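Enquirer: after the sequence you'll find the predicted model.
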Amino acid sequence: MKSFVLSILGFCLAANLSLAADWSHWRGPGQNGVALDTNLPEKWSPVPGNPDSNLHWSAPYGGRTTPLILNNRVFIINKDGAGLTEQERVMCFSFDTGKLLWEYKFNVFHTDIVSVRLGWTTLAGDPETGNVYAHGTQGLLFCFDKDGKILWTHSLTEEFGRISGYGGRVTSPIIDENLLIIGMINASWGGQAIGRNRFVAFDKKTGQIVWWSSTGNQVKDTYYSCPVVTEIAGQRLLVSGGGDGGVHAFKVRTGEKVWSHLFGSGSVNCSPVVNGNLVFIGQGEENIGTNSQGRVICLDGSQVTKGEPKVVWQTDGIKAKFASPVFHQGRLYVCGEVGSLHCLDAADGKEIWKFQYGRNTKGSPVLADGKIYLPEVDSKFHILKPGESTCRRIHQHFFRGQGGEEVQLNGSPAIADGKIVFMTSHNLYCIGTKNGQGVPTSPVKEKPRAPNGEPAHIQIFPADAVIFPNSKQEIQAIAYDKNGNRLGPIEVAWSLAGPGAPEGAPPPMPGAPPAVPPPPIQAKLEQARGKTTSIQANSYPPAQFGRVLAKAGNLTGEARIRVAPILPYAPDFSKIPEKRTPGGWINCQGKFEIVKLPDGRQVLKKLVINPSPLAARANVFITTPDLANYTIEAEVLGKKVKDDLPDMGIIANRYSLILVGETQSLRLVSWDALPRVDKTITWKWEPETWYHMKLSFEQSGNQGVVRGKVWARGKPEPAAWTLEVTDPIPNVNGSAGIYANAKRILENQPGTEIFFDNVRVTPNK
C-alpha cells in the first residue's frame, strides 16, 4: 500500500509540473492540435509598424520544424551553413524577446537525405526536468538540459542500424513519464537482423534502453508519424502510425504490442489523435482492397479481437498524407495533400464541409480560440474560421522571398501563454494580441489504480546494452501486471543465450533440417538467481552478440547484449562458421555471410539476391561510435555482372573511402547526398582482383585530416596517400565499418558479388 500511495503522489507531482503554459509535444499538451488559449490574433503582419501587426518578435532563423515552447524558452532544430560547413543544429531562444540563448551544431553523415530537408524532425520537451530531446537526420539522438549541455547521446544509425531513406521522413521522439520513446526502421543483429518498424524506449535521464518493440510487419517506406500516449481500457498506451501502412498500440511502460490495424499500401506519416477510446488517423497512399487513394479511419481501441481493433468508420478519398488531424468538440479536421481542409463528423466520418485553403500541405493545423492556424508549403500562413456548415478565411499572409527565392512553411504552429510561434524556411515568428491569454494544460492523465498483483510480463533493465571484453553490466528484472503497470523487482532464474532468431525470417524449406542456433554468449553471470545480477564478457572472442534470459514461472524476459571490440582489432574469419557473420558487427547479419573460397580461405561475402536498396546497399558498423583517431584497413574484391561493377569500401570516423564501379573512381565522402566532404579521382580497378584499402583519421586542433589509399594486394604499400582531405568541421568520432553496394540484382539473377578479407582497425600512434 505504501508503494502504491507513493506512486500516486509521484504521478500527481509530475502532473503538476506539467501545468505550465508550455507546448512540449509538437501537437500540444493534449497531443491533438488544440490549444485552450484565448484572445489570439485574427490577423498579423511581419512588419512591426503595420497597424494590428500583432508581431511580438521575429528572428532570422528558418527551418522545417514545429517550435517547442518550454519554461519560457523556444527550441527549434534546423540547418546551418552551406557547402563545406553545412550542419544541423538545435537552437534556443527567449520566449519573451526572441533573443538567441544558445545553439549546438553537429555534422550530417551516413544518410541520403538532401540538405533542404535537414531539421524536419520535431523536438520533445520534458516538463519535469526541463530537458529537451532532438533526433538528427544522421541518427544522433541528444538529451540537452535547458542551457544546451548534452546529458547523453546515442547514434541510432551506428548503434542500431537505423535507416533514414532519402525523402526526409525522419521520426521524432516523445516523452512520457520516465521514458523517451522513438520509432524507427532499423536492422542490426539477432532478432533485429531483418529491417522492421521498431520502437525503442530510453530512460529519459540516463539514455539506457528500457524496452524494444516491433510492429511485426514488413516495412513499405520510411515514415514520420509521431506517437501519442493515451489511456484506453485501463491501459496506458503508445499509439503511432508506421512505415508498414498501419497504426499500432503498445503498452507504454513495457513495449508489449496490444493491437495493430493495416490500412494503407505505403507509410503512415500523420500522427493519430485520440478521444476516449477512439483513435483517429489517416494516410495518403493507395488503400488496401480498393483502387482509391487516401483514407481516414476511426478505431475503437477498447474493442480488440485477436490483436485487431474495431473499425468504427472509414472515409476514403481524403489523401491525409502528411498533416495530422485535429479533434475538437465532436469534429475531426483533416488536411488533404493538396491544400483542402475537411471537417468530418467524428461519430460517423461523414463530411460536414470542405474548404480549399491552398495547394500543398505539409504542416498540421492547430485549433485555438475558435480559429484554425494553418501553414501552407507555398509561402502562405492562413487563419481560418470553422463554422457549423462552412469555413471561411479571415486572414492570409503571403511571404515574399528576396530575389524571387521561395519561402516554404513545412512545420506547424506552437501556442502557449497567449502567443503563437511558427517558422518559415527563412524566419521564426512570435505573434499575439496584447491581451492574449494562456491556459495551462496537462498531458494525458491516468486514473489512479492499484496494480494487479499477478506478474504478466518480465522486463530486464537495461533491455539492450553494449559491453567490452572483460567488462561488466549490472541488470535487474522488473515485473509488470497485465495492464503494463509496474509491480517491482522480481526474483528470477538467470541464464545466457545466443542471439535470437531474426524477426520475419522465412521458415525452413520442407524437409530441411532445423537451423543450428548460435552458441550462448561467452560470458559469466554473477549469480544465477535473484532480482539482480551482472554479466561479465569473456576476454575472447573479442566481439560477440547474445542475450541474458530471466525466467519466473511461465514468464521469460530477455536483454540484448553486444560485446563490442576494443582496439587493436583484427577478426579471424577462419574461426567463424560458414554462413555466419562476425559477432558485434551492426547491420551485417542477413546482408553478408562467411564463405569459403576455392583456395580454402574464408572471407566475408556480400549477399546479392535481394534487389531492395535497403538490402543491396549496406553500411556495416564494427565498433562503437565513440572511437576517434584510428585507421581501418581491409582487402576487397568485386565481381562483374554484364557491364556492371559494385561499389565497395571502408569507413572511419563517419568518412567513407569507396571504390566506385560505374565511374571507375575512388571517392572519399562523408555525406553522400551533399558533397560537403567529397574528393573523387579517376581510379581504374579490375574485377576479380583483390585490393588493399586503408583509411585514417586524425584530429589536429579544430580540423580533421582524412587520408585514404588503395593498392593491389601483394604489391608494396605506396608511401603517399591516394586521397587526402582537411575538414574544417570534422567528424571527431565515429564507428569503423565497411561499405558494399551490389548492382544488377534481378529476379533469379544474383548481382555483383563483393568480398572482404583481413579487416583490421588500429589506433593511430
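Expert: In hand now; what should we look at?
Enquirer: where in this protein is pLDDT low?
Expert: Using pLDDT under 70 as the threshold, the predicted model of the chain has low-confidence ranges 1-20, 441-451.
Enquirer: so it: which segments form each domain?
Expert: What automatic domain parsing lists as the domains of the chain is 32-64+365-440, 455-502+520-564, 565-765.
Enquirer: quick one: what helix or strand has the residue nearest to L657 when sequence neighbours are not counted in it?
Expert: Ranked by CB to CB, 6 or more residues apart in numbering and with sequence neighbours excluded, the top spatial neighbour of L657 is G708, at 3.9 Å. Where C-beta positions appear, they are placed from N, C-alpha and C, glycine not excepted. Under the criterion DSSP states H and E, the helix or strand holding G708 is strand 703-712.
Enquirer: again with V312
Expert: When elements are assigned from DSSP H and E, V312 belongs to strand 308-316.
Enquirer: show me what secondary structure element comes after that strand.
Expert: Next along the chain after strand 308-316, with elements defined by DSSP H and E, is strand 326-328.
Enquirer: list the pairing partners of that next one within its sheet, with orientation.
Expert: strand 331-335 (antiparallel) (DSSP bridges).
Enquirer: can you tell me what sits against the strand it pairs with?
Expert: Contact partners of strand 331-335, identified using CB atoms under 8 Å, 6 or more residues apart in numbering, comprise 273, 280, 282, 296, 298, 318, 320, 322-323, 325-327, 341-346, 349, 352, 361, 364-365, 367, 372, 374, 386.
Enquirer: for these, which PyMOL command selects only the ones that are buried?
Expert: Selecting only the buried members of these in PyMOL, with burial defined as 16 or more other CB atoms under 10 Å, works like this:
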select buried, resi 273+280+282+296+298+318+320+322+323+325+326+327+341+342+343+344+346+349+352+361+364+365+367+372+374+386
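Enquirer: packing partners for the lengthiest strand in the chain?
Expert: The strand of greatest length in the chain, counted in residues with DSSP state E as the criterion, is given as strand 293-305. Helices and strands touching strand 293-305, by 3 or more CB pairs under 8 Å, 6 or more residues apart in numbering; DSSP states H and E, are strand 228-232, strand 246-251, strand 257-262, strand 278-286, strand 308-316, strand 331-335.
Enquirer: wait, which of those strands is closest to F399?
Expert: The minimum distance between F399 and the helices and strands packed on strand 293-305 falls on strand 331-335, with 19.2 Å, by CB to CB.
Enquirer: compute the inter-axis angle for the closest one and strand 278-286.
Expert: 20 degrees (axes from the mean of the first three to the mean of the last three CA atoms, to 10 degrees).
Enquirer: I'd like the next helix or strand past strand 331-335.
Expert: As the chain continues past strand 331-335, the following element, by DSSP H and E, is strand 340-345.
Enquirer: other SSEs contacting that following strand?
Expert: Secondary-structure packing of strand 340-345 (3+ CB pairs under 8 Å, 6+ apart): strand 331-335, strand 351-356.
Enquirer: ok, back up a step: for V268, find the nearest of the domains of the chain.
Expert: Nearest of the domains of the chain (CB to CB): domain 32-64+365-440, 16.7 Å.
Enquirer: endpoint to endpoint, the closest one covers what distance?
Expert: In domain 32-64+365-440, first residue to last residue: 15 Å (CA to CA, to the nearest Å).
Enquirer: cool, and stretch 505-516?
Expert: End-to-end distance of stretch 505-516: 14 Å, with CA to CA as the criterion.
Enquirer: check the offset of that stretch from the chain's centre.
Expert: Its chain's C-alpha centre and that of stretch 505-516 lie 33 Å apart, by CA atoms, centre = their mean, to the nearest Å.
Enquirer: which residues sit against that stretch?
Expert: Under CB under 8 Å, 6+ apart, the answer for stretch 505-516 is 193-194, 501.
Enquirer: any idea which of those is closest to L597?
Expert: A193 (24.4 Å).
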